[in-house]
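Enquirer: coordinates for the following, if possible.
(one chain, ligands or ions: 2)
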Amino acid sequence: MHLGIDFGTSYTKLGYMDQGNFINLVGEENQIPTLVVYLPSREKLFFGKMAMRLNQPGAEEVRFFKLEMKRNPDFRLGPFTLNDILREYFNYLRDEYVEVWRGELESITVSVPNYFGLKPRKMLLEAVRQSFGLSEVYLLPEPVAALLGYNAIHAQEQLEGDILCVDIGGGTTDFSFLSMTHKHNEIVMESQFQIGHDAFSGSELDRGVLRFILNPLFKMQHGYDIPAPITSEKNLQGEERYWFNRLMVTAEQVKVAIGRQSSAYFNIPGFYQQDSLVFDLPAELFMAQLEPVFTRLKKYINERVREKGELLGFSREGRFILDYLLLLGGASQTRGVNQLIADICPGPEIIHPQDLSFNVVRGLSQWKQAGSSSFLRVKTIYPFNFFIEKWNPVGTGTILEKLPFDTENLELDINGRHKIFTVPVASPYNLATNTNSLKLRVHELDSADLQAQVEQFMGQDLVLQVDDEEIEQDLVDLYLNLGASTMEVGKDNNKLNSAVNEKQLFPNLLSHQETALDLIRLYPDTNPRLLQDFEEYLDQFSSQPSSDYSVLLMYKLLAFLQLMG
Ligand SMILES: Nc1ncnc2c1ncn2[C@@H]1O[C@H](COP(=O)(O)OP(=O)(O)OP(=O)(O)O)[C@@H](O)[C@H]1O
Ligand SMILES: [Mg+2]
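Expert: Ligands and ions are numbered 1, 2, ... in the order given. Coordinates of the predicted model:
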């Protein structure tokens with residue numbers, strides 16, 4: 001089985017493909033709330049259904065713990081670090097939902113937002129690997145998985161061209177610009193960025209329902225407000241947190257119900273403390289009261305998304321130039337969302353995958369077959385910059401220097417290993433004080449935060465640390481290994497032995513080159529010597545594992561360029 005895990009901020013979905021059909025492993029309840037509860041009295045973490053039911057004094061509940069991976073990797077819950085929480089969560093998924101399936105687990109593909117840097121990616125990979133005792137674990141950007149998932153069940157009408165993907169989840173709303181070409185079986189992910197969870201998301205809509213609809217109705221019926229710390233969610237303690245969570249569950253039910261019918265009737269005993277709430281909510285009132293929340297989405301698209309689109313060529317003179325707009329995420333089903341998006345982005349067809357909740361996980365569970373064969377190539381912009389530490393000119397301390405490798409504009413193969421810098425061992429980048437040893441530090445910074453003071457992130461996002469290792473050569477190469485989510489040092493300055501073998505990554509590579517050779521041969525003016533060089537190296541390339549792909553390309557280019565001369 002190739003397992004897909006859509007590790008969403010608010011819900012997790014699990015499944016695999018069986019002879020072309022998607023099998024949801026969660027069963028009846030469909031999705032697992034991504035939340036953790038810590039019970040200090042038992043020094044234990046609880047997840048899923050059990051966590052939802054816990055109502056013990058002192059229990060600490062954390063929703064959206066996934067977001068902490070990016071925002072606050074030092075997050076702790078009692079004695080548990082974020083690493084512990086993740087590992088325990090995946091253990092829970094394994095024991096509760098995957099172990100019952102008695103086949104062989106061959107690979108796992110997990111969704112990841114593209115704005116996760118190397119550290120959170122690595123943290124996620126390691127947690128899944130440890131829990132399932134499996135090394136074949138892949139990370140796939142959510143929008144790419146969404147496209148795969150969509151195309152899997154719409155074989156006749158596959159999306160192609162320039163696509164804006166809008167994913168309105170429980171915790172965030174993500175926007176991504178993608179291009180898909182079937183001719184080359186290639187998906188290029190140009191950009192992914194998110195609007196903060198506190199601006200527009202499923203849970204922000206729930207907050208709006210609580211503040212602007214439920215609380216005013218409650219006050220009308222009982223003459224008093226739900227206490228302000230609860231509605232404003234400020235410094236919630238013990239019982240207040242319990243009530244806040246409970247009221248948010250009610251708010252979510254109201255939001256979902258009003259999406260399906262033009263008015264919804266509710267009779268909720270013990271809505272707050274002993275007081276019940278009974279009301280009939282017409283859809284128009286829902287829309288009117290939530291106007292301020294919808295306005296935030298509108299403003300964000302009109303300003304930020306358009307601006308980003310303009311930079312990437314997906315928008316011109318204020319109009320989006322797109323083939324499709326793919327609208328995803330549970331909360332995109334909220335009443336009014338579809339219309340709002342259609343009003344702001346006139347033109348492209350708005351596509352709503354059927355079976356919305358499982359669209360991403362369906363894509364994930366196909367990735368092993370589709371993506372790691374040569375069938376589909378996925379390239380992405382990696383929205384981070386790297387800074388290397390070096391001695392200051394007087395050698396008294398270190399400063400940071402931005403590496404020139406342009407991750408923001410280069411399309412990188414998501415399985416690949418990319419050389420980003422060469423460090424001369426005798427240079428200020430080598431922080432070692434002993435001769436013949438190497439000490440390096442490289443930090444990563446989200447391009448969105450590039451304006452921030454460099455000192456502010458120093459040491460926090462350390463992605464490469466080499467400490468006084470013995471070294472013999474004069475140069476070392478630094479690699480961004482996107483497949484493994486690491487930054488690596490290539491010790492033997494020899495790309496031929498790089499960890500990634502191009503032939504394994506692209507099994508059809510050889511046949512492409514053979515086709516090229518045949519094509520060049522067709523031209524009468526071809527220089528036979530150059531053609532022979534290309535041919536000979538191609539032979540060598542196919543028979544010797546250590547041959548260099550870039551040399552092969554050079555021979556091809558020489559033969560080809562001569563034709564043009
Ligand atoms: N029928 C519905 N109508 C409106 N909202 C819905 C509906 N079904 C689910 N939602 C909302 O969708 C949100 C969850 O969406 P989804 O499962 O896509 O999020 P996620 O993947 O966990 O989060 P994220 O993508 O932010 O990481 C919740 O806020 C939920 O209330
Ligand atoms: Mg999601």
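
Enquirer: which ones are touching the most centrally placed residue in the chain?
Expert: Centroid-nearest residue in the chain, with Cα atoms, centre = their mean: P113, separated by 1.4 Å. P113 makes contact with 70, 141-142, 172, 174, 192, 194, according to Cβ atoms under 8 Å, 6 or more residues apart in numbering. For glycine as for every other residue, the C-beta is placed from the backbone atoms N, C-alpha and C.

Enquirer: same check on A559?
Expert: 520, 526-527, 530-531, 533-534.

Enquirer: redo that, cut-off 7 Å
Expert: 520, 526, 530-531, 534 (Cβ atoms under 7 Å, 6 or more residues apart in numbering).

Enquirer: can you map out the helices along the stretch 201-350 of the chain?
Expert: Using DSSP state H, counting those that start in this stretch, the helices found in the stretch 201-350 of the chain span residues 202-209, 215-222, 228-232, 238-260, 283-289, 291-300, 306-312, 337-344.

Enquirer: what average pLDDT does the last one get?
Expert: Throughout helix 337-344, pLDDT has a mean value of 94.

Enquirer: tell me what it is packed against?
Expert: helix 291-300, strand 324-328, strand 349-351 (3 or more Cβ pairs under 7 Å, 6 or more residues apart in numbering; DSSP states H and E).

Enquirer: now neighbour count, pLDDT and distance to ligand 1 too, for the contacts of P113, in JSON lines please.
Expert: Formatted as JSON lines, those follow (neighbours: other Cβ atoms under 10 Å; pLDDT from 0 to 100; distance: Cβ to the nearest ligand atom, whole Å):
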{"residue": "K70", "neighbour count": "15", "pLDDT": "87", "distance to ligand 1": "11"}
{"residue": "P141", "neighbour count": "23", "pLDDT": "92", "distance to ligand 1": "12"}
{"residue": "E142", "neighbour count": "26", "pLDDT": "93", "distance to ligand 1": "7"}
{"residue": "T172", "neighbour count": "28", "pLDDT": "88", "distance to ligand 1": "4"}
{"residue": "D174", "neighbour count": "25", "pLDDT": "91", "distance to ligand 1": "7"}
{"residue": "Q192", "neighbour count": "23", "pLDDT": "76", "distance to ligand 1": "12"}
{"residue": "Q194", "neighbour count": "24", "pLDDT": "74", "distance to ligand 1": "8"}
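
Enquirer: any idea which of these is closest to A516?
Expert: P141 (30.5 Å; Cβ to Cβ).

Enquirer: contacting residues around the closest residue in space to that closest one that isn't next to it in sequence?
Expert: Distances taken as Cβ to Cβ, 6 or more residues apart in numbering place N114 nearest to P141, at 4.5 Å, with adjacent residues excluded. N114 sits next to 141, 189, 192, 380, 383 when contact means Cβ under 7 Å, 6+ apart.

Enquirer: which ones among these are found in helices?
Expert: Among the contacts of N114, no member falls in helices (criterion: DSSP state H).

Enquirer: closest to Q158 among those residues?
Expert: Taking those together and measuring to Q158 by Cβ to Cβ, the closest member is M189, at 16.9 Å.

Enquirer: residue contacts, E349?
Expert: By Cβ under 7 Å, 6+ apart, the neighbours of E349 are Y324.

Enquirer: what do you get for K556?
Expert: Here K556 is in contact with 513, 516, 534 (Cβ under 7 Å, 6+ apart).

Enquirer: what residues does the stretch 101-250 of the chain put near ligand 1?
Expert: With Cβ under 6 Å from any ligand atom as the criterion, the stretch 101-250 of the chain comes near ligand 1 at residues 167, 169-172, 202-203.

Enquirer: any idea how far ligand 1 is from the residue in the stretch 401-550 of the chain that ligand 2 sits nearest to?
Expert: Distance from ligand 2 to each residue of the stretch 401-550 of the chain (Cβ to the ion) is smallest for I414, at 18.3 Å. Separation of I414 from ligand 1 (Cβ to the nearest ligand atom, to the nearest Å) stands at 19 Å.

Enquirer: the contacts of A559: which two are farthest apart?
Expert: T526 and F534 (9.8 Å).

Enquirer: these two: which is more packed in?
Expert: Neighbour totals were compared for T526 and F534, and F534 leads with 25 against 16 (other Cβ atoms under 10 Å).

Enquirer: now the closest residue to the more buried one other than its chain neighbours: which helix or strand?
Expert: Excluding the flanking residues, the one nearest F534 by Cβ to Cβ, 6+ apart is Y555, at 4.1 Å. Assignment of secondary structure by DSSP states H and E places Y555 within helix 549-564.

Enquirer: can you map out the strands along the stretch 1-150 of the chain?
Expert: Secondary structure of the stretch 1-150 of the chain (DSSP state E, counting those that start in this stretch): strands at 2-7, 11-18, 21-24, 32-33, 35-39, 44-47, 60-63, 76-77, 80-81, 107-112, 137-141.

Enquirer: in CSV: these, plus distance to F244.
Expert: CSV is the format used below for the strands of the stretch 1-150 of the chain (distance: least, Cβ to Cβ, whole Å):
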stretch, distance to F244
strand 2-7, 24
strand 11-18, 19
strand 21-24, 30
strand 32-33, 15
strand 35-39, 13
strand 44-47, 18
strand 60-63, 10
strand 76-77, 18
strand 80-81, 22
strand 107-112, 28
strand 137-141, 33
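
Enquirer: tell me which of the ones you listed sits most buried.
Expert: Comparing the strands of the stretch 1-150 of the chain by mean neighbour count (mean count of other Cβ atoms under 10 Å), strand 2-7 ranks first with a mean of 27.

Enquirer: that one near ligand 2 at all?
Expert: No: judged by Cβ under 5 Å from the ion, strand 2-7 stays clear of ligand 2, getting no closer than 6.3 Å.

Enquirer: direction included, what does that strand pair against?
Expert: Strand pairing for strand 2-7, using DSSP bridges, gives strand 11-18 (antiparallel), strand 107-112 (parallel).

Enquirer: between it and strand 137-141, how many degrees?
Expert: 50 degrees (axes from the mean of the first three to the mean of the last three Cα atoms, to 10 degrees).

Enquirer: nice, that's everything, thank you.
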